[in-house]
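> Could you look at this predicted model? Sequence included:
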Amino acid sequence: MFQTVCRLPCGVVSRTTLRTLRRTFVRCSVDGQLQANLPLSRTLFTNSVHHRLLPVASVHKHRFYSNGNLPDHYKVALPALSPTMEMGTIVNWEKKEGDQLNEGDLLCEIETDKATMGFETPEEGYLAKILIPAGSKDVSIGKLLCIIVNQEEDVAAFKDFVDDGSSDLNMSSAPPPPSEPVKPPPPPPQATVPRSVPTMAPPPPSPISAPPSPVVSPSVTRPPGERVFASPFAKTVAAERGIELSQIQASGEDGVIRVSDVEKFIASGPMMAPPPVAAPAPGATFVDIPLTNMRQVIAKRLLTSKQTIPHYYLSIDTEMDKVLSLRADLNKTLEKENVKLSVNDFIIKAAALACRKIPQANSAWMDTFVRQFKNVDINVAVSTEGGLITPIVYSADKKGLVSITADVAILAEKARQGKLQPQEFQGGTFTISNLGMFGIKNFSAVINPPQACILAVGMSEKRLVPDEACEKGYRTAQVMSVTLSCDHRVVDGAVGAQWLSEFKRFLEKPQTMLL
């Protein structure tokens, strides 16, 4: 059976729009005759959590069937729930085999490289077969998760269904045609001799069996300056092995180099010996903690950042007496509204305004150009049990302190519960990491690529500072140390110093944040 599938441009499509599409489009049979009043098939692969992102506009026919005499069914594959996701973990299934599925029902929970997200059913019907059980780790994108049928009586037909791997769905092009068997070389021609001289032809040389060569991605030569497109995971693996991405041939039609292409390229050359594992001392006790997807992604991104970004660091001390006094006054005013401002809210506001004053620090390195953002979206580092995550306070330069403290509280709670949506932590233009509440005086943070800067905030402490207005020539002040990590490809030293100067001015004269 063929079905007409409509794919719209990327965007959030509401359920009302989907219902309208069902009424508008019709199903087509093989000979092209129209059959009205039949449901429109949705693109299974592009359904994400609580919203649907659809690829470039196109209308084509897609067949749903499998080998054998199985009834019509839908194959649901593991989708990419974030741009950096290449594998996922099935935390649990909210539905069991035989259950009825309605639009909007939560099908399962999937742990990505950033958070645990709910995955809604892409089709109405009945859950016929679960192929990937709960608890399965490192499930590749495109792996067949389950099968949905239209009729309840069709569920029994899939009781013994086994996925042989041929039904995996992916976003790449169609599989390449099977390679033709290599023909043996023809034997050498026999020498022509006169008929009067009887001779025997030399026997053909015995074929020498060569060892099978691995399938490799041939190296390519690109013109200088040509941009190379690759997935973040592929960039990380290539950087770890010291391989130039420009030497690797992409296997997909989209021209994007994936980690499989890097692995094939590595297999074509000399293999690198794995680093030796240190043996534990006799009598030592230890426990090996398995890496979560989130921890693996954090490790790869931090390694890539330190290996590929030329960091430099600028530190400055800021007097916080006026901020602390203003915070105490505002908290008294807001006490009846059950709102309590934190020092971090003032830091976020001051950093956002400094980014608006010095836009070079509010930029990103994009390999072939520098992108300077007009909006100021501040990532705030939040520590969770699984690792560090950086939810975003959007348009922080335009928000008041009350709005900022409300946003941070909601985002931090959702981050610790693993309920952040992709749009709440993917992106941002500038990052702040605050360890002052742990008593840390100062530290240097690792840049969050592709951003150009990250601010590391330490604790406030009493110090003696020079003051010519005082009789003693000095006074006691609350001083906070901050360190700005900059990408030297984007932000020069003088520009970073100007940003810190503006940031300090906003905190030492907080009334200027109102101007």
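Ah, there it is. Numbers count the residues shown, from 1 in each chain.

> Would you map the helices across the chain?
15-24, 232-241, 259-268, 293-308, 321-333, 343-357, 401-417, 493-508 (DSSP state H).

> By mean pLDDT, show me the worst of the ones you listed.
When those are ranked by mean pLDDT, helix 15-24 comes last with a mean of 44.

> among the helices of the chain, which is nearest residue 73?
With Cβ to Cβ as the measure, helix 15-24 is the member of those nearest residue 73 (18.8 Å). From N, CA and C alone the C-beta is placed, and that goes for glycine too.

> deepest of the helices of the chain, which one?
Mean neighbour count (mean count of other Cβ atoms under 10 Å) peaks for helix 343-357 among the helices of the chain, with a mean of 23.

> Measure how that one sits relative to helix 493-508, angle-wise.
130 degrees (axes from the mean of the first three to the mean of the last three Cα atoms, to 10 degrees).

> quick check: angle from helix 343-357 to helix 321-333?
Calculated by the same axes, to 10 degrees, helix 343-357 forms an angle of 120 degrees with helix 321-333.

> and residue 481, how many neighbours does it have?
Neighbour count for residue 481, taken as other Cβ atoms under 10 Å: 20.

> how about the strands in the stretch 401-515 of the chain?
Using DSSP state E, counting those that start in this stretch, the strands of the stretch 401-515 of the chain run over residues 430-434, 453-466, 474-487.

> Summarise which helices and strands the first one is packed against.
So the one you mean is strand 430-434. helix 343-357, strand 378-380, strand 453-466 (3 or more Cβ pairs under 8 Å, 6 or more residues apart in numbering; DSSP states H and E).

> isn't residue 137 right next to residue 143, touching?
No - using Cβ atoms under 8 Å, residue 137 makes no contact with residue 143, being 11.9 Å away.

> In terms of neighbours, single out the busier of the two.
residue 143 (21 against 13).

> which residue sits closest to the most centrally placed residue in the chain, ignoring its sequence neighbours?
Computing the C-alpha centroid of the chain and ranking residues by Cα atoms, centre = their mean puts residue 84 first, at 2.2 Å. Spatial nearest neighbour of residue 84, excluding adjacent residues (Cβ to Cβ, 6 or more residues apart in numbering): residue 232 at 4.9 Å.

> Report the contact partners of the spatially closest residue to residue 236 that is not a sequence neighbour.
Using Cβ to Cβ, 6+ apart and skipping residues adjacent in sequence, the residue nearest residue 236 is residue 300, 4.3 Å away. By Cβ atoms under 8 Å, 6 or more residues apart in numbering, the residues touching residue 300 are 232, 233, 236.

> how much space between residue 116 and residue 92?
10 Å (Cβ to Cβ, to the nearest Å).

> What of residue 132?
For residue 132, the distance to residue 92 - Cβ to Cβ - is 12 Å.

> Neighbour count: those two, which is higher?
residue 132 (18 against 11).

> in terms of contact, does the more buried one touch residue 147 like I think?
No - counting by Cβ under 8 Å, residue 132 stays clear of residue 147, with 11.4 Å between them.

> rewinding a little: quick one: contacts for the residue nearest to the centre of the chain?
113, 114, 231, 232, 233, 297.

> Would you mind confirming that the second one is in contact with residue 388?
Looking back up the chat, that one is residue 114. No - checked against Cβ under 8 Å, the pair residue 114 and residue 388 is beyond contact range at 10.7 Å.

> Compare neighbour counts for those two and give me the winner.
residue 114 (27 against 15).

> Which residue, other than its chain neighbours, is closest to that one?
Excluding its sequence neighbours, the residue lying closest to residue 114 (Cβ to Cβ, 6+ apart) is residue 82, at 5.6 Å.

> Go ahead and confirm that neighbour touches residue 110.
No - using Cβ under 8 Å, residue 82 is not in contact with residue 110; the gap is 10.4 Å.

> Could you check which of these two has the larger neighbour count?
residue 110 (23 against 18).

> Quickly note the distance from that one to residue 139.
From residue 110 to residue 139 the distance is 8 Å (Cβ to Cβ).

> Against residue 443, how distant is the residue nearest to residue 438 when sequence neighbours are not counted?
Spatially, and ignoring its direct neighbours in sequence, residue 438 is nearest to residue 459 (7.9 Å; Cβ to Cβ, 6+ apart). Per Cβ to Cβ, residue 459 is found 11 Å from residue 443.

> swap in residue 466?
Going from residue 466 to residue 443 by Cβ to Cβ gives 26 Å.

> Counting neighbours, go ahead and name the busier of the two.
residue 443 (15 against 8).

> Contacts only, for residue 314.
Residue 314 touches 483, 484, 486, 493, 496, 497, 500, counting by Cβ under 8 Å, 6+ apart.

> who's it bridged to?
In this entry, residue 314 is beta-bridged to residue 484, by DSSP bridges.

> Check the contacts of residue 314 against residue 455 and report the nearest one.
residue 484 (5.5 Å).

> How many residues are close by that closest one?
Residue 484 has 24 neighbouring residues, counting by other Cβ under 10 Å.

> looking at it, it is touching residue 500, isn't it?
Yes - with contact defined as Cβ under 8 Å, residue 484 counts as touching residue 500 (5.6 Å).

> re earlier: let me know the distance separating the residue nearest to residue 236 from residue 78.
In this view, residue 300 and residue 78 are 20 Å apart by Cβ to Cβ.

> ditto for residue 370
Distance from residue 370 to residue 78, by Cβ to Cβ: 35 Å.

> Among the two, which residue is more densely surrounded?
Using other Cβ under 10 Å as the criterion, residue 370 and residue 78 rank with residue 78 on top: 24 against 16.

> nearest spatial neighbour of that one, skipping sequence neighbours?
residue 143 (5.0 Å).

> Model confidence score at that neighbour, please.
88.

> Dihedrals phi and psi, it?
Note on residue 143: its backbone torsions stand at phi -70, psi 140 [degrees, to the nearest 10].

> isn't it right next to residue 110, touching?
No - assessed by Cβ under 8 Å, residue 143 is found out of contact with residue 110, at 11.4 Å.

> Common neighbours of those two, please.
Counting by Cβ under 8 Å, 6+ apart, the contacts common to residue 143 and residue 110 are residue 78.

> which residues in the stretch 51-200 of the chain form strands?
Going by DSSP E, counting those that start in this stretch, the stretch 51-200 of the chain shows strands at 58-63, 73-77, 87-93, 100-101, 106-111, 116-120, 125-130, 139-140, 144-149.
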